[in-house]
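**Q** Here is the input, now give the coordinates:
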Amino acid sequence: MPVKVEKEKKKKTSLATIKKKLVGKKRHTKSLDYARAVKDMLSSWNIRDVKALVDEYESLAILKQMSIQTTLARPKTLSLSQNLSHLYACQHCADVDLIFLGTVFPAHRAILSVRCRYFREVLAKFPGYCNSIPINQLPGVDVTMFSVLLKYLYTGEIDTHDPRLESLDVLIQLGDKFGTPNILEQDFKYLLDTGEFADAIVVFASDSQSKQSEQMPVSASRSSRNTFLCHKAILSARSPFFRNLLQRKHRESEERRENEMPKRTKIVLDANVIPKKYAHVLLNAIYLDTLDLSLIKDDGLESSLGEAQAMVLGRKPVSRIDQAMECYQIAQFLDMTSMAQACEDVIAESISTENIITILSWSCQPHGSSWVHRQAMHYMKEEFLSIMNSSTLCDITKGDLLAALKSDFLQASELEVLKAVVKWGEQQLVKKMEEREPNVVSNTQHSLSRKGIKRRDLDNMELREILSDIIPYVRVQHIIPRNHDILNSAIKRGLIPMLPSHMVDGEEPLSVNYWVKGKSRRRYPRPRLFSPYMEEAKTMLEEQMAAEMELVRLRMIRMSHVPDTLYMLDDTKYSPNQRGQCASYPPSVVTNNLPVPDNSTVTAMLQREKELRRCNLTQRAFALAHTDSAAVSREIRTRVVREFGLPDESVEIFQSIPEHYGEDCGRDDEEEMFGRVWDVQHGSQDGAVTPTPDPPEVAAAAQVVPMLSDIMPDIAIPSSPDITIATAPSVNQMLLQEPELGDGHFSRRKKSSNKPGHSRRDTNACTDV
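**A** Have a look, this model is predicted:
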């Protein structure tokens, strides 16, 4: 019995110890540290500053959503059905002419034969190349209906809204008579697997074998190790590279005056550029519009040698990401956009802390993907804390680190950002020290690293030089708590060139707040959108609002709906007519160095920009008081440029658009942005201009509060004395109160309004703010 009691006590004590450890870890989690730091800072703020901070966080949250959409933007790709529709319309590589009711329809033998039993039987009677084949009249089918029928066989889709399609019942009857086609991908998989109706052979050969392959006769009856039976129509529809190649071969045969094309056209691909092991992946993407990396097949000898060589050299075997990168380069070479974007998706879904350096280094190369680079940078900003605590931090390049620090959406506190920057700089300094001192034993870990380098062994002067371009992007004014050891250590080592204002005697008055938008923050950046800070600020605002709801409501009544323009001097805004005169941010390239799109593309870009400005997310962004309208416009225009496949520098197109483009689009944007039309409408038949009638609320306010003139801006309205609950007038009295402009303007208007013949309704002639 005593033994059992001791065992039970041990179990209880062990469970209690684990529970204490869990509770202790929970108490010391970083999220609670963030909450404590924010609470300590906001406890001395008034409710207006807390609300201003929350409003700024909300505007940044919407801007982040727009930034994510811009990061994901890329040109749209055509599906297999759309490529075949374009093939039918453009008639590339047509090898048969169908004659129906005197109308010639160029078509492709392989597609019609595999898609419809009727055409297979008809075309089998005319095996020659480019024969004119008469088609017997079908009951209830005219020329238009026959064209719709052919397009349906190519695409597998019927546009029921097509005005040319008068009767859908005829197609249903034809399907019952001749058979309903299978799913498009199913028929194309049959062509790929069997090679039936093939009229081309794709050969993968090396440099030494390419000339021999060109001279060898075409005799393959089925796909083999290095040769694959294909169909010219499908190749030309899916790849502009194959289309141009086949058209060139066709022109060469016409120049030789050959009436008949060879039974199968040979296409030789260099195996050094497109390795043979990717052949099945490539053909599967062409025929089925899917990317299946499991189809990559290495020869047994090559695979074993490759693995052995990788083990000897200390390299890892080829991963799925490496295979996707190679497939992306093949797709880019063959101009297959859909396959390239499928490879991009595979790489982006595989981004992790362990491989982000490899992906960043590959994506920034000329042969890499800028879209993948944007996704990797987004991952770095979101997972900055995990990257900071891993060995990956020392391998980040200076450019990528700067790009992350410049972002308003970096998910880390400024204290952790400073810690990560100092840690990165110390690791770079250790690398420089290892380069200066030779290693004692070659091909091993450096002797300095084995011995271990302590912080006191590092030269602070060299470290300061390494971090001279990076430290300015650490927002020191937003570091909390202000007396933390990391900040004090960085200051003692001389890494921060300018001390925070709270550490300089007499520098910071009590009224200065570098977190809230205002005069005091003109020289400092806005706080980052760090999720724990934003959540805690919202929680504290809700608590204070619940305690002082009535007082806050009365205080907010007297605030102007138009923000004080003195606080908006840094947020430069331009009217639509100023597009060609100035830019909201400095140009990044020299003018005339970018390809100028044609007028139709520019018009489509402007239309897309207009659509994005009308969406709910953009309207919410413009509705918030602390929104940076220049940043919103920049996100919209960058997204448009990326969707049209242009480089990011092409946003300059929007600043150089002629006036006749900007007037109409800018007018519609203003109407959608502000939700009301302030100009006049041409409603009368005789051409007279009729003023737009004001809504009842605006008309009632116009009879009491005069509109502001062009000369006197809104900033001339002085702040009224603080209103307390005891002396606060009613809401109606405050709405009917006249603004005191302080320059005699109100007194003059009052005197002039008493003159005979002068009506207060003339205020409609004033300019609306």
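
**Q** use CA for all of it now, contacts and neighbours both
**A** Will do.

**Q** Phe105 is in what secondary structure piece?
**A** Using DSSP states H and E, Phe105 maps to strand 103-107.

**Q** Can you list the strands that that strand pairs with?
**A** strand 96-100 (antiparallel) (DSSP bridges).

**Q** and the strand it pairs with, average pLDDT?
**A** In this model, strand 96-100 carries a mean pLDDT of 92.

**Q** Touching that strand from outside, list them.
**A** With contact meaning C-alpha atoms under 8 Å, 6 or more residues apart in numbering, strand 96-100 is reached by 104-109, 129-137, 143.

**Q** now with 6 Å?
**A** 104-107, 130-135 (C-alpha atoms under 6 Å, 6 or more residues apart in numbering).

**Q** if we can go back for a sec, average pLDDT across the strand holding Phe105?
**A** pLDDT averaged over strand 103-107 gives 93.

**Q** thinking again about what came up before, please identify which pair of the contacts of strand 96-100 lies farthest apart.
**A** For the contacts of strand 96-100, the farthest-apart pair by C-alpha to C-alpha is Cys130 and Ile135; their separation is 14.9 Å.

**Q** Comparing the two, which residue is more hemmed in?
**A** Cys130 (19 against 13; other C-alpha atoms under 10 Å).

**Q** buried sites along the helix or strand where Tyr57 lies?
**A** Assessed by DSSP H and E, Tyr57 sits inside helix 47-72. For helix 47-72, burial by neighbour count (16 or more other C-alpha atoms under 10 Å) applies to 47, 49-64, 66-68, 70-71.

**Q** Which neighbouring elements make contact with it?
**A** Using 3 or more C-alpha pairs under 6 Å, 6 or more residues apart in numbering; DSSP states H and E, no helix or strand is in contact with helix 47-72.

**Q** can you offset everything so residue one is 21?
**A** Will do, 21 is the new start, and the previous item becomes helix 67-92.

**Q** next structured bit after it?
**A** Next helix or strand after helix 67-92 toward the C-terminus (DSSP H and E): helix 100-110.

**Q** buried stuff in that following helix?
**A** Within helix 100-110, the residues scored as buried using 16+ other C-alpha under 10 Å are 100-108.

**Q** Render the CA-only coordinates of it in CSV, please.
**A** Presented in CSV, the C-alpha positions along helix 100-110 are these (Å, rounded to 0.1, in the frame of the first residue of the first chain):
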residue,chain,number,x,y,z
LEU,A,100,-7.7,24.2,-73.5
SER,A,101,-11.2,24.9,-74.7
GLN,A,102,-10.3,28.6,-75.4
ASN,A,103,-7.1,27.6,-77.3
LEU,A,104,-9.1,25.3,-79.5
SER,A,105,-11.7,28.0,-80.1
HIS,A,106,-9.0,30.3,-81.2
LEU,A,107,-7.6,27.5,-83.4
TYR,A,108,-10.9,27.0,-85.1
ALA,A,109,-11.3,30.8,-85.7
CYS,A,110,-7.7,31.4,-87.0
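
**Q** Which secondary structure elements does it sit against?
**A** helix 163-175.

**Q** Strand 123-127 and the helix it packs on, what's the angle between them?
**A** Put simply, helix 163-175 runs at 0 degrees to strand 123-127, going by axes from the mean of the first three to the mean of the last three C-alpha atoms, to 10 degrees.

**Q** low-confidence ranges in the stretch 371-520 of the chain?
**A** Low-confidence segments of the stretch 371-520 of the chain (pLDDT under 70): 458-473.

**Q** And the helices in it?
**A** 376-383, 390-402, 404-408, 418-425, 434-456, 467-471, 480-486, 505-512 (DSSP state H, counting those that start in this stretch).

**Q** Nearest to Glu272, out of those helices?
**A** helix 390-402 (38.1 Å).

**Q** What is the subsequent helix or strand relative to the strand holding Phe125?
**A** That would be, after strand 123-127 and using DSSP H and E, helix 129-135.

**Q** Does anything pack onto that next one? Which helices or strands?
**A** Partner elements for helix 129-135 (3+ C-alpha pairs under 6 Å, 6+ apart): none found.

**Q** 7 Å instead, please
**A** Helix 129-135 sits against helix 137-144, helix 163-175, with contacts defined as 3 or more C-alpha pairs under 7 Å, 6 or more residues apart in numbering; DSSP states H and E.

**Q** I'd like those as JSON lines, with distance to Leu430, mean pLDDT and mean neighbour count appended.
**A** As requested, these are exported to JSON lines (distance: least, C-alpha to C-alpha, whole Å; pLDDT from 0 to 100; neighbours: other C-alpha atoms under 10 Å):
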{"stretch": "helix 137-144", "distance to Leu430": "60", "mean pLDDT": "90", "mean neighbour count": "14"}
{"stretch": "helix 163-175", "distance to Leu430": "46", "mean pLDDT": "88", "mean neighbour count": "18"}
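
**Q** Ok, which of those comes nearest Leu626?
**A** Comparing the helices and strands packed on helix 129-135 by C-alpha to C-alpha, helix 163-175 comes nearest, at 31.2 Å.

**Q** Hey, what's the angle from that closest one to helix 100-110? Just curious.
**A** Using the same axes, to 10 degrees: helix 163-175 against helix 100-110 is 140 degrees.

**Q** Can you work out which other helices and strands pack against helix 163-175?
**A** Checking 3+ C-alpha pairs under 7 Å, 6+ apart, helix 163-175 ends up next to helix 100-110, helix 129-135.

**Q** mind putting the helices and strands packed on helix 129-135 in TSV, distance to Ile673 included?
**A** Formatted as TSV, the helices and strands packed on helix 129-135 follow (distance: least, C-alpha to C-alpha, whole Å):
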stretch	distance to Ile673
helix 137-144	50
helix 163-175	37
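
**Q** So for Ile656, which of these sits nearest?
**A** Ile656 lies closest to helix 163-175 among the helices and strands packed on helix 129-135, at 34.1 Å (C-alpha to C-alpha).

**Q** Show me the contact partners of that closest one.
**A** 101, 104-105, 108, 121, 131-132, 135, 178, 184-185 (C-alpha atoms under 7 Å, 6 or more residues apart in numbering).

**Q** of the residues you listed, closest to Leu449?
**A** Ser101 (56.4 Å).

**Q** Could you pull out the buried residues of stretch 414-428?
**A** 414, 416, 418, 421-422, 424-425, 428.

**Q** For that stretch, give me every contacting residue.
**A** Applying C-alpha under 7 Å, 6+ apart, the external contacts of stretch 414-428 come out as 377, 401, 430, 444, 447-448, 490, 493, 548-549.

**Q** Quote the end-to-end distance of stretch 639-648.
**A** Using C-alpha to C-alpha, to the nearest Å, the end-to-end distance of stretch 639-648 comes to 13 Å.

**Q** Would you agree Asp309 is in contact with Leu100?
**A** Yes. Between Asp309 and Leu100 there is a contact under C-alpha atoms under 7 Å: 6.1 Å.

**Q** related to what we said a few turns ago, and the angle for the helix holding Tyr77 with helix 390-402?
**A** 150 degrees.

**Q** what's the model's confidence in helix 67-92, averaged?
**A** For helix 67-92, the per-residue pLDDT averages 93.

**Q** do the same with stretch 265-284
**A** 73.
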